[in-house]
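> Generate coordinates for the sequence data below:
(chains A and B)
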Amino acid sequence: MATTTAALPAYSRAQRVTQVRVMKSEWTKLRTQPAALWSLLSAVVLVVAFGVLYSLLREARPPHGATAVASFDPVSVSLSGVQLAQIAVGVLGVMLITSEYATGLIRTTVAAVPKRLPALWGKATVLTAAILVIGLPASFVTFTAAQSILARQHLSTTLGQPGVTQAVIGSALYLAVAGLLGLALGTLLRSTAGGISALFGVMFALPIVAGFLPGSLSDQVNKFLPSTAGQAVIAVHPDPATSLSPWTGFGVFCAYTAVLLAIAAVRMRRGDA
Amino acid sequence: MDMIEIHALTKCYGATAAVSDLTFTVQPGTVTGFLGPNGAGKSTTMRMILGLDEPTSGSVLVNGQPPRSHAAPLHAIGGMLDPRAVHPSRSAYHHLLALAQTAGIGRSRVREVIDAVGLRKVANRPAGKFSLGMAQRLGIAAALLGDPATVVLDEPVNGLDVEGIRWIRGLLRELADAGKTVFVSSHLMSEIAQTATHLIVIGQGRLIADTSVAGFIASAAPAAVRVRSSDQPALARILRSPDVTVTPMDDGALAVSGLTAAQIGASAASAGITVLELAAEQASLEDAFVDLTKDAVEYRAARFEEN
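Coordinates of the predicted model:
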């Protein structure tokens, strides 16, 4: 390669590291990492496509009988894609940090941000912002589209009904926290495979394990598990026997994530990068 | 003071000591070579200088402060450890931009640095597609982004072509002339001897030598001069003396130590012998380095036998 090099002028401007500057840096990294953009796009596609498809299915096979109609939840049908999208955003959260450990880029990052934690908070902020910015419109659009489909069988509801707006907003919030949970696990384990496995274990395997417990105990334990607790915010009429109230459940999910992020922060700040 | 001060530095991974009780200072205004065979602990030491690894014991000060306490780290220390440590699908420009943004360094400086390392034409290409030489240039660009007082580069010449090697030698000297502290590792003596003025040599994680390059060369085995002439046996007779050894080589040339090339030429001329080839051998420097570091390996092996 023929190269032409120019003289490098001095550069003596103050270069203090601030949290806002690190956030800008992390935003640049996120938007220039194709895999991250694909994860976000697939989360949107999963929310919209699955919500619409499931609504079409229920339109074709509507509930029969008074009890079935009474227990039919048009909100959860329209937001069912969140169950799949949480995988995409959770993996995104894991990857956002483990890709830096895999490539060794983390060393450049922490040499530039020697306090280290601003880099983790920067990643957490841009991840949350990105998921909410795409997740909120996605859930509102999906809800609206799904209700217009379900309306043909007179099964639809509106945002004005109690708990409905909370569920639509809550599904985007749930996705954001799922992403943060991935980020925490990735930071703790420093390995993409390990982080994703741990994420799946927490989100999917724990409820299955809880299912092996005797009946009432199973319900009691299950409603405190991270994914079950978090998904309470997406339910319009939660059953008190099997689910926490929406914001309590979401709070429990946030608390688990916060604890894991705190442990991850301690691990990142101490010792070798 | 803008320098690197290392005191009683030790780093253990489990029971293995990668670096043991290392003490030296890297001065500003010169290029200091950091020499040692592969696995000697050079990279470990550099990671501690950059604040990436925590010393098991001992201390590192960069510009008078522990590496992780700098408020403007990119202006204090610029480092390159692994040129392949980039996100493969991110462009070189965005890689540098993300780094620059942590310290509020503007886009114009990013372009300046890209031009300075000669990556302008490929700045928008994914860094993962770079050759090793281009990756080295990108790593050096990252190290120079904040115009740091101290520059730490791990094996920067690896993978560079002749033009690139010449460029980096000039660059390192320019940085030193600008008063910066420049610390560059290599496992090849010949490479370092042409750039550095001071040397830190380690082996098995221990300090072997802390010396000027000139001092190291002086202490090294006396250089031999290779000579071919019209009458080799006669020339050997003339040159031999108690201070001079003349050894015939496999190809018929004579290896003469104890005399300079000029002295040999003059002796041959006065005896009427035609000199066909006269060259100072360069190998002794590399040999001296190998001898030095081999001692460190043997020292360690001897200790094992004692146990």
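> Leaving out sequence neighbours, find the closest residue to A:Gly90.
In space, A:Gly90 comes closest to A:Gly182 once its chain neighbours are excluded; the distance is 3.9 Å by C-beta to C-beta, 6 or more residues apart in numbering or on different chains. (C-beta placed from N, C-alpha, C; glycine too.)
> give me the low-pLDDT residue ranges for the chain?
Just going to use chain A. A:1-2 (pLDDT under 70).
> switch to chain B, that's the one I care about
Ranges of chain B meeting pLDDT under 70: B:1, B:219-223, B:282-285, B:288, B:291, B:293-307.
> ok, 90 please
B:1-2, B:14-15, B:36-39, B:158-160, B:186-195, B:203-204, B:213-226, B:240-252, B:255-263, B:279-307 (pLDDT under 90).
> Where do the strands of it begin and end?
Assigned by DSSP state E, chain B shows strands spanning B:4-13, B:16-26, B:31-35, B:57-62, B:77-80, B:150-154, B:181-186, B:198-203, B:206-212, B:224-229, B:245-248, B:254-257, B:275-280.
> Just put the ones you listed in CSV and tack on distance to chain A.
Output for the strands of chain B, formatted as CSV (distance: least, C-beta to the nearest C-beta, whole Å):
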stretch, distance to chain A
strand B:4-13, 9
strand B:16-26, 11
strand B:31-35, 16
strand B:57-62, 11
strand B:77-80, 6
strand B:150-154, 10
strand B:181-186, 14
strand B:198-203, 20
strand B:206-212, 21
strand B:224-229, 36
strand B:245-248, 44
strand B:254-257, 40
strand B:275-280, 32
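> Now do the helices in the chain.
No chain in the question, so chain A it is. For chain A, helices defined by DSSP state H occupy the ranges A:19-31, A:34-60, A:66-71, A:74-78, A:82-103, A:105-112, A:117-150, A:164-189, A:192-200, A:206-211, A:215-222, A:226-231, A:246-269.
> Hmm, no, I was thinking of chain B.
Using DSSP H, helices in chain B cover B:42-49, B:73-76, B:92-101, B:107-116, B:132-144, B:162-177, B:189-193, B:213-219, B:232-239, B:261-270, B:283-306.
> would a markdown table of these with distance to chain A and mean neighbour count be doable?
Below are those laid out as a markdown table (distance: least, C-beta to the nearest C-beta, whole Å; neighbours: other C-beta atoms under 10 Å in any protein chain shown):
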| stretch | distance to chain A | mean neighbour count |
| --- | --- | --- |
| helix B:42-49 | 8 | 24 |
| helix B:73-76 | 4 | 25 |
| helix B:92-101 | 4 | 25 |
| helix B:107-116 | 4 | 18 |
| helix B:132-144 | 6 | 24 |
| helix B:162-177 | 6 | 17 |
| helix B:189-193 | 20 | 20 |
| helix B:213-219 | 25 | 15 |
| helix B:232-239 | 46 | 16 |
| helix B:261-270 | 36 | 15 |
| helix B:283-306 | 24 | 14 |
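> Neighbours of A:Asn30, how many?
Not Asn; residue A:30 is Leu. Counted with other C-beta atoms under 10 Å in any protein chain shown, residues neighbouring A:Leu30 total 20.
> what sits against it?
A:36, A:96, A:126-127, A:130 (C-beta atoms under 8 Å, 6 or more residues apart in numbering or on different chains).
> switch the cut-off to 7 Å
By C-beta atoms under 7 Å, 6 or more residues apart in numbering or on different chains, the contact set of A:Leu30 is A:36, A:126, A:130.
> do the same with A:Ala265
By C-beta under 7 Å, 6+ apart, the contact set of A:Ala265 is A:117, A:120.
> Could you report the distance from it to chain B?
In this view, A:Ala265 and chain B are 15 Å apart by C-beta to the nearest C-beta, to the nearest Å.
> Now do that residue against A:Gly122, distance only.
12 Å (C-beta to C-beta, to the nearest Å).
> Same check on B:Arg107?
19 Å.
> next one: B:Thr245
66 Å.
> do the same with B:Gly170
Noted for B:Gly170: a distance of 37 Å to A:Gly122, by C-beta to C-beta.
> count of neighbours near A:Ala129?
Residues near A:Ala129, counting by other C-beta under 10 Å: 14.
> give me every residue that touches B:Ala279.
B:225-226.
> And A:Met95, by the same measure?
Contact analysis of A:Met95 by C-beta under 7 Å, 6+ apart lists A:35, A:186, A:192.
> Got a ChimeraX select line for the buried ones in those residues?
Buried residues within those, by 16 or more other C-beta atoms under 10 Å in any protein chain shown, are selected in ChimeraX with:
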select /A:186,192
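> Tell me the one among the contacts of A:Met95 nearest to chain B.
Taking C-beta to the nearest C-beta as the measure, chain B lies nearest A:Ala35 of the contacts of A:Met95, at 7.3 Å.
> which one is the closest one nearest to, not counting chain neighbours?
Leaving aside its sequence neighbours, A:Ala35 sits nearest to A:Met95 (C-beta to C-beta, 6+ apart; 6.4 Å).
> for A:Leu92, same thing?
A:Ser39 (3.7 Å).
> now B:Leu292
With C-beta to C-beta, 6+ apart, the residue lying closest to B:Leu292 is B:Ile208, at 5.5 Å.
> how close does that neighbour sit to B:Leu35?
Look at B:Ile208 and B:Leu35: by C-beta to C-beta, they are 9 Å apart.
> in stretch A:28-42, what counts as buried?
Residues of stretch A:28-42 classed as buried: A:28-30, A:32-33, A:36, A:39-40, A:42 (neighbour count, 16+ other C-beta under 10 Å).
> farthest-separated two in those residues?
Spanning the widest gap among the buried residues of stretch A:28-42 are A:Thr28 and A:Ser42, at 21.8 Å by C-beta to C-beta.
> list the contacts for residue 210?
In the absence of a named chain, chain A is used. A:Ala210 neighbours (C-beta under 7 Å, 6+ apart): A:218, A:221-222, A:225.
> Actually, chain B is the one I wanted.
B:24, B:200.
> residues near A:Glu100, how many?
With neighbours defined by other C-beta under 10 Å, the count for A:Glu100 comes to 24.
> Setting aside sequence neighbours, what's the nearest residue to it?
Closest residue to A:Glu100 apart from its sequence neighbours, by C-beta to C-beta, 6+ apart: A:Ile106 at 4.0 Å.
> same deal with A:Arg269?
A:Arg116 (5.1 Å).
> Can you get me a residue count around A:Gly251?
When counting by other C-beta under 10 Å, one arrives at 16 neighbours for A:Gly251.
> From A:Gly230, how far off is it?
Going from A:Gly251 to A:Gly230 by C-beta to C-beta gives 9 Å.
> about what we covered before: out of the contacts of A:Ala210, who's nearest chain B?
Once C-beta to the nearest C-beta is applied, the member of those that ends up nearest chain B is A:Leu225, at 34.3 Å.
> and the closest residue to B:Thr30 other than its chain neighbours, how many neighbours does it have?
Excluding the flanking residues, the one nearest B:Thr30 by C-beta to C-beta, 6+ apart is B:Thr197, at 4.7 Å. Other residues lying near B:Thr197 total 17 when counted by other C-beta under 10 Å.
> who's in contact with B:Thr197?
Per C-beta under 7 Å, 6+ apart, neighbours of B:Thr197: B:30-31, B:212-213.
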